[in-house]
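*Asks:* need a 3D model of the sequence below.
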Amino acid sequence: MPTARDETQGIAWLAAGVLLVIALLAWWKAEQAVSNPGAALSAQATSEVSTLEAAAPAASAAAPASAPVGPLCFDGIVLPPGWKAVRRCFAAIDSANDIVRQLRKGHLHATTEKTPGGQYAVRYQPMTEVQARAEGTVALASRRPHGSDIYQLEVEAQDIVDGYAWRVTMPCPDGWTDAGSFKLTAYVLAQERDFPASPTVDDPCGLEGTYPSKFLFGEGVRMQGSGITNDGQILHFRGNNCFEQLDCARTAVGRCAKTGRTIAVDPKVISLGSEVLVEDIGYRIAEDTGGAIRGAHIDVYYGTTLRLRQAWAHTREDRKICIRPRAMAL
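*Replies:* Residues are numbered from 1 along each chain as shown. Here you go, the predicted structure:
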């Protein structure tokens with residue numbers, strides 16, 4: 001039978017064993033931390049991230065494609081002398097191109113370039129206020145043939161770049177209606193000398209004699225509405241591949257078309273007889289129509305001041321239009 005002394009010694013040995021086990025466990029953990037320091041930090045980092053996400057869940061949300069990815073995202077791109085980069089980059093090329101178009105409307109030179117990180121940066125040539133005002137003043141003066149009184153110069157600081165931009169705008173005068181932006185094209189009095197002499201057509205519908213086929217059809221009289229032969233005859237297209245000889249190029253309102261006055265419109269959009277103020281063109285009268293003139297489209301008559309091949313180069317997009325409807329101007 002064990003004595004009290006024996007029990008006391010057993011308890012002491014047990015306590016010593018427990019302390020030894022604890023010491024061995026502590027030594028083993030220390031060795032693990034030395035051999036794999038990242039493991040010891042991972043639990044702490046996970047805890048800290050969880051705490052931050054709980055406190056500010058919006059911070060972990062994915063950024064949109066067009067959001068800035070950092071102020072130095074454009075490091076590594078090539079900048080021409082004097083150029084700068086917009087201090088934001090874009091994951092999508094379309095977003096960068098939108099900024100380029102915005103800058104170019106203010107007459108700043110701008111392009112896009114892919115960054116080494118796979119984003120898209122916007123490069124631009126900055127302009128001071130003095131430079132912007134000087135360029136804008138020259139542009140304003142160049143519009144005098146089209147009525148300089150209808151334009152005004154705007155010089156303003158840019159939000160997304162360092163510097164200024166300029167625009168020559170055309171506010172609608174009092175009593176005029178802003179009709180928005182239109183596409184502009186040009187039509188002319190087709191000239192026989194601009195077309196090959198053959199093949200020919202004899203006695204076409206409404207006419208007598210021999211005429212170059214391509215002068216009457218295709219891009220000639222049929223498309224332009226009227227044309228002039230080498231001997232001075234004015235021919236008019238009256239539909240169904242038929243023609244007639246007139247004393248002038250007649251418009252839809254029965255008036256002789258005149259350079260500097262006549263435009264063709266869609267009468268469902270602009271009523272015939274209306275006064276029209278056309279950006280980059282000036283004052284005109286809506287007095288003609290055309291089969292291809294539909295919606296926000298105006299065809300400006302140039303008579304013989306332009307050759308047919310030059311007319312195509314006068315197509316313009318997004319030109320502001322002001323309208324003052326009135327009774328038929330005859």
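
*Asks:* and the gap between G282 and P196?
*Replies:* Distance of G282 to P196, given as C-beta to C-beta, to the nearest Å: 35 Å. For every residue, glycine as well, the C-beta is placed using N, CA and C.

*Asks:* compare those two (neighbour count), which wins?
*Replies:* G282 (17 against 10; other C-beta atoms under 10 Å).

*Asks:* beta-bridge partners for that one, please?
*Replies:* Beta bridges link G282 to V278 when assigned by DSSP bridges.

*Asks:* and for T177?
*Replies:* Counting by DSSP bridges, T177 is bridged to I323.

*Asks:* that one is in contact with K320, isn't it?
*Replies:* No - look at T177 against K320 with C-beta atoms under 8 Å: they stay out of range, at 11.7 Å.

*Asks:* more neighbours: these two, which one.
*Replies:* Neighbours per residue, other C-beta under 10 Å: of T177 and K320, the larger number sits with K320, 17 against 12.

*Asks:* how about the nearest residue to the more buried one, chain neighbours excluded?
*Replies:* Nearest in space to K320, with sequence neighbours left out and distances taken as C-beta to C-beta, 6 or more residues apart in numbering, is E279 at 4.2 Å.

*Asks:* tell me the contacts of that neighbour?
*Replies:* 170, 319-321 (C-beta atoms under 8 Å, 6 or more residues apart in numbering).

*Asks:* including pLDDT, secondary structure and distance to V130, could these go into JSON lines?
*Replies:* Shown next, in JSON lines, are the contacts of E279 (pLDDT from 0 to 100; DSSP: H, G, I helix; E, B strand; the rest coil; distance: C-beta to C-beta, whole Å):
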{"residue": "M170", "pLDDT": "89", "secondary structure": "coil", "distance to V130": "24"}
{"residue": "R319", "pLDDT": "92", "secondary structure": "strand", "distance to V130": "29"}
{"residue": "K320", "pLDDT": "94", "secondary structure": "strand", "distance to V130": "27"}
{"residue": "I321", "pLDDT": "96", "secondary structure": "strand", "distance to V130": "33"}
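
*Asks:* buried residues, stretch 247-261. List them.
*Replies:* Buried residues in stretch 247-261, counted by 16 or more other C-beta atoms under 10 Å: 249-253, 255, 257, 261.

*Asks:* for R88, see how far away the residue nearest the centre of the chain is.
*Replies:* The centre of the chain sits closest to R101, judged by C-alpha atoms, centre = their mean, with a distance of 4.8 Å. According to C-beta to C-beta, R101 stands 16 Å off from R88.

*Asks:* what do you get for V278?
*Replies:* Applying C-beta to C-beta to V278 and R88 gives a distance of 37 Å.

*Asks:* the more surrounded of the two?
*Replies:* A count of neighbours by other C-beta under 10 Å puts V278 above the other of V278 and R88, at 23 against 20.

*Asks:* what are the ranges of the strands in the stretch 151-300 of the chain?
*Replies:* Residue ranges of the strands in the stretch 151-300 of the chain, as given by DSSP state E, counting those that start in this stretch, are 152-157, 164-169, 177-187, 190-191, 200-202, 210-212, 226-228, 234-239, 242-246, 262-264, 275-278, 282-288, 297-301.

*Asks:* quick one, the last one and strand 282-288 angle?
*Replies:* Comparing the axes of strand 297-301 and strand 282-288 via axes from the mean of the first three to the mean of the last three C-alpha atoms, to 10 degrees yields an angle of 100 degrees.

*Asks:* and the second one, by the same measure?
*Replies:* When the same axes, to 10 degrees is applied, the directions of strand 164-169 and strand 282-288 differ by 40 degrees.

*Asks:* who does strand 164-169 pair up with?
*Replies:* Here strand 164-169 has these sheet partners by DSSP bridges: strand 152-157 (antiparallel).

*Asks:* domain ranges for the chain?
*Replies:* Listed by automatic domain parsing, the domain ranges of the chain are 84-124, 129-172, 181-324.

*Asks:* possible to save those as a markdown table with distance to G76?
*Replies:* Output for the domains of the chain, formatted as a markdown table (distance: least, C-beta to C-beta, whole Å):
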| stretch | distance to G76 |
| --- | --- |
| domain 84-124 | 4 |
| domain 129-172 | 20 |
| domain 181-324 | 35 |
